[in-house]
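Peer 1: Quick one: sequence plus predicted model below, questions after.
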Amino acid sequence: MPQPERHFFTYGSLQIPYLQVGSGAPLVFFHGWGASKESFLPLVAALRLERTCILPDFPGFGEAAPPPEAWNVDAYADLAAALLRHVGNGAPVDALAHSFGGRVLIKLMARAEGTSVLGQVLITGGAGMKPRRKPMFYVRKYTAKLLKAPFMVLPSALREPGLARLRKTALWKSLGAGDYKSLDGVMREVFVKTVSEFLEPCLPRIPHAVLLVWGENDDATPLYQAERLRDGLAGAALVTIPAAGHYAFLDQTQRFARIAEAYFAPQSR
């Protein structure tokens, strides 16, 4: 694979870094939570497509600075739409998205502008469906509510400093998810806004052709979530890959690449 070129896309006050490699119609790759544009490089190297592969970092990940405030999924979808318009020169652009990237594209496809910026979409390990919760989730959730309750009746001037001290305690930190505990600042708020929104209501509004490619052993977004996506999308098909987990495109790169090639090849349109 040729050495990827490094570029930047200006979005408001942010400079969004992206890698570009290849030639032909653009194919944009949107990475997952906690990952970066580089996570797709092994897949891009294995693809035999005549495409210009474009790999951006979402704000707050990889080399991209965090957003200026706590973005929700819609704000990331705004960015994705702007980037797709930039690289597509007014034409819809095909996209491949993983995990959080899939969540962002679900939001974008459900909008009226979705068909003008997005062509065919491949989602792998896509997030956004309401998970089946284990009992310990509810123990942690309601313990956190009980710990916060005494502070919520205080005036704002006392409530916020008290909550800030509570969030620094070992007990409070023990209640958080692994991703939450590893974050700080604005990205903690982004995480909360992201995981507290479920996207089932978006599905009936999505007209796009969507291929879902899932690792059979995905324990982050299990296979039942892929089946829920497939059943909720009018134009979706689901392909599963044995001996692969949440990062199916890394666990079974060659197999994943052949599936993506067949889907994005010109004759498949």
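Peer 2: That came in fine, so what should we check first?
Peer 1: For residue 21, which residues are in contact?
Peer 2: Residue 21 makes contact with 1-5, 44, 52-53, according to C-beta atoms under 8 Å, 6 or more residues apart in numbering. The way it works is simple: take the backbone N, C-alpha and C, and place the C-beta from them, glycine included.
Peer 1: Tell me what it is bridged to.
Peer 2: Going by DSSP bridges, residue 21 is paired in beta bridges with residue 53.
Peer 1: unless I'm mixing things up, residue 69 is touching residue 190, no?
Peer 2: No: applying C-beta atoms under 8 Å, one finds residue 69 not in contact with residue 190, separated by 9.2 Å.
Peer 1: residue boundaries of the helices in the chain?
Peer 2: 41-46, 73-88, 100-109, 114-117, 135-152, 156-167, 170-175, 178-181, 186-195, 223-232, 248-251, 253-264 (DSSP state H).
Peer 1: Find the residue closest to residue 39 in space, skipping its chain neighbours.
Peer 2: residue 31 (5.4 Å; C-beta to C-beta, 6 or more residues apart in numbering).
Peer 1: so how many other residues sit close to the one you found?
Peer 2: Counted with other C-beta atoms under 10 Å, residues neighbouring residue 31 total 23.
Peer 1: pretty sure it contacts residue 100?
Peer 2: Yes: between residue 31 and residue 100 there is a contact under C-beta under 8 Å: 7.4 Å.
Peer 1: For these two, list the residues in contact with both.
Peer 2: Listed as contacting both residue 31 and residue 100 by C-beta under 8 Å, 6+ apart are residue 58.
Peer 1: re earlier: quick check: pLDDT value at the residue nearest to residue 39.
Peer 2: Per-residue pLDDT puts residue 31 at 97.
Peer 1: Might you report the residue contacts of it?
Peer 2: Counting by C-beta under 8 Å, 6+ apart, residue 31 touches 37, 39-40, 55, 57-58, 61-62, 98-101.
Peer 1: let's see 7 Å
Peer 2: 37, 39-40, 58, 61, 98, 101 (C-beta atoms under 7 Å, 6 or more residues apart in numbering).
Peer 1: Dump those to JSON lines, plus pLDDT and distance to residue 85.
Peer 2: Below are the contacts of residue 31 laid out as JSON lines (pLDDT from 0 to 100; distance: C-beta to C-beta, whole Å):
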{"residue": "37", "pLDDT": "97", "distance to residue 85": "19"}
{"residue": "39", "pLDDT": "96", "distance to residue 85": "24"}
{"residue": "40", "pLDDT": "97", "distance to residue 85": "21"}
{"residue": "58", "pLDDT": "98", "distance to residue 85": "17"}
{"residue": "61", "pLDDT": "95", "distance to residue 85": "21"}
{"residue": "98", "pLDDT": "97", "distance to residue 85": "22"}
{"residue": "101", "pLDDT": "97", "distance to residue 85": "17"}
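Peer 1: Going by distance to residue 23, which of the residues you listed wins?
Peer 2: Nearest to residue 23 among the contacts of residue 31 is residue 40, at 17.4 Å by C-beta to C-beta.
Peer 1: To what extent is that closest one buried, counted in neighbours?
Peer 2: Neighbour number of residue 40 under other C-beta under 10 Å is 23.
Peer 1: same deal with the one 4 residues further on?
Peer 2: Residue 44 has 23 neighbouring residues, counting by other C-beta under 10 Å.
Peer 1: Any figure for the gap between the nearest residue to it once chain neighbours are set aside and residue 28?
Peer 2: Excluding the flanking residues, the one nearest residue 44 by C-beta to C-beta, 6+ apart is residue 53, at 4.9 Å. Going from residue 53 to residue 28 by C-beta to C-beta, to the nearest Å gives 8 Å.
Peer 1: can you pull the contacts of the closest residue to residue 187 other than its chain neighbours?
Peer 2: Nearest non-adjacent residue to residue 187, counting by C-beta to C-beta, 6+ apart: residue 60, 4.9 Å away. When the contact criterion is C-beta under 7 Å, 6+ apart, the partners of residue 60 are 66-67, 187, 190.
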